[in-house]
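Undergrad: Got a sequence here, can you model it:
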Amino acid sequence: IFLLSFLGAWNDYASFKIWLPSYSNLAYGLYEFQDNVLNLAGGGNAGTVPMVMAGFTIVVIPTILVYFLSQKLIMSKFTVGGLKG
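TA: This is a model prediction of the structure:
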């Protein structure tokens, strides 16, 4: 449940636009980055795909780190739930 809650908060786009319109999170920042890169390229996306994928990679790194750091805890909960007494 922690991992799903973390992902929900990490990727939440609408709440920031409703409650804090002057601030943004990484999902909105990534959208702005992609939009700016496409505008710099004149609307074409042939040369901008590596830049956008680099931005996506930077955004997904914390999620992967949280998963790997909590993997042992997640797997231990699965084994406890699978035991019958």
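Undergrad: on contacts alone, who are the packing partners of the helix or strand where Ile64 lies?
TA: Of the helices and strands defined by DSSP states H and E, Ile64 is found in helix 49-82. On a contact count with 3 or more CB pairs under 8 Å, 6 or more residues apart in numbering; DSSP states H and E, helix 49-82 meets helix 2-10, helix 26-40. Where you see a C-beta, it was placed from the backbone N, CA and C, and this is true even at glycine.
Undergrad: Go through these and pick out the most buried.
TA: For the helices and strands packed on helix 49-82, the largest average neighbour count (mean count of other CB atoms under 10 Å) is found in helix 26-40, namely a mean of 14.
Undergrad: Report all helices and strands that it contacts.
TA: Applying 3+ CB pairs under 8 Å, 6+ apart, one finds that helix 26-40 makes contact with helix 14-19, helix 49-82.
Undergrad: Helix 2-10 and the longest one, what's the angle between them?
TA: Same thing as helix 49-82. 150 degrees (axes from the mean of the first three to the mean of the last three CA atoms, to 10 degrees).
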